[in-house]
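Asks: Next come a sequence and a model predicted from it.
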Amino acid sequence: MLSEWLVDVPTDFASTYLTVPCPVGKRSLVVSGRGRTRCYTKSGYQVNQFSSLLPGGSRRNNNMGYALLDCIWSESNKTFYVIDVMCWFNQPVIECDTFFRFEWLKSRLDEEAVGINTISKYNTMRFERLPYYESSPEALSKLFGDGGQLPFSVELDGILFYNRETHYTHGPTPLVGWLKAYMIPEILGVSVAEKYAKERPAKYISLPKHIEYAKELKKEKKEKTGFLLCSYYRRILKVWSLANQELVLSENHRRPSCFSVLSNSYRQMEEVDNHANISPVICPLGVIPRINVEDSDLQNHMNSINMESRSS
């Protein structure tokens, strides 16, 4: 359940939304079950596995089902800050409203996960629940104004605003808003402490301008990345074609070493394709990423490579 920028504020915002301050960290999905606890990124990659006192999260309670928690991982103090809950002890709550999920999470952590906020043999990572607050101007001023006290010791990243009656949905939703602390006076008309006002970037004008500027940067980055990936993918196809060609035409059908084939093919490819003048893109996880190329263009490119191989 991801947020969107809180641009349009409803008239009943104070009574229909809940405020959750969020520390600096990485959004994570924590899944416990079968005697282990696993942590996943927003993209779905598993990044950690450990023992915890969550249901089914360690050998001590591996018969207690499973749990799914929406968390923020803080690297500075090695703590998972729990925002929301999707399932607890095999009981899914994604169809329940926000207020019920927050209260259910609070009661379950207090009653059934005693000791989860301390490091122990069966709980190697700390978990702390992020409290929620009312969204009235008085509550926001008390929380983010002068003298306000945050519920965590790390730096504030931003604020999530949850609609009270929304269910847990997958992906971004306009029913969960996001603001930086210095944006609160502009959007909600509530003054904040000076330390938050100083975080405002020098080029920041307004939230709509900021969103438009971010979209332009994302578009430019996507175009640049797409060009690099297309060039890299063309190079991969060329290397593969030349390597196959050299294997087929090798003398006495002796199979040369893979290193010599690829090095010779890559050298020939560079001589042919030196106009690209780019460095190969190093792909994480060792997987060639999917690129946005039309099937017809890719098929034409493959046909041209096959014709070059036959002609030579």
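Replies: Perfect, I can see it now.
Asks: what about the strands in the stretch 101-250 of the chain?
Replies: Remark: strands assigned in the stretch 101-250 of the chain by DSSP state E, counting those that start in this stretch are 126-129, 133-134, 156-163, 172-179.
Asks: Reformat these as a markdown table; add mean pLDDT, mean neighbour count and distance to residue 6.
Replies: Yep, even glycine has a C-beta here, placed from its N, CA and C like the rest. Supplementary listing: the strands of the stretch 101-250 of the chain in a markdown table, determined by pLDDT from 0 to 100; neighbours: other CB atoms under 10 Å; distance: least, CB to CB, whole Å:
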| stretch | mean pLDDT | mean neighbour count | distance to residue 6 |
| --- | --- | --- | --- |
| strand 126-129 | 96 | 20 | 23 |
| strand 133-134 | 96 | 15 | 15 |
| strand 156-163 | 96 | 20 | 6 |
| strand 172-179 | 95 | 18 | 3 |
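Asks: Show me the one of the ones you listed that comes nearest residue 16.
Replies: For the strands of the stretch 101-250 of the chain, the distance to residue 16 is smallest for strand 156-163, at 6.1 Å, taking CB to CB.
Asks: Pull the contacting residues for residue 121.
Replies: For residue 121, the set of contacting residues under the criterion of CB atoms under 8 Å, 6 or more residues apart in numbering consists of residue 51.
Asks: try 7 Å
Replies: Under the criterion of CB atoms under 7 Å, 6 or more residues apart in numbering, residue 121 has no neighbours.
Asks: likewise residue 62?
Replies: Remark: with contacts taken as CB under 7 Å, 6+ apart, residue 62 is in contact with 34-35, 56.
Asks: For it, grab phi and psi.
Replies: Summarising the backbone geometry of residue 62 under the convention degrees, to the nearest 10, its torsions are phi -70, psi -10.
Asks: neighbours around residue 92, how many?
Replies: Counted with other CB atoms under 10 Å, the burial measure for residue 92 works out to 12 neighbours.
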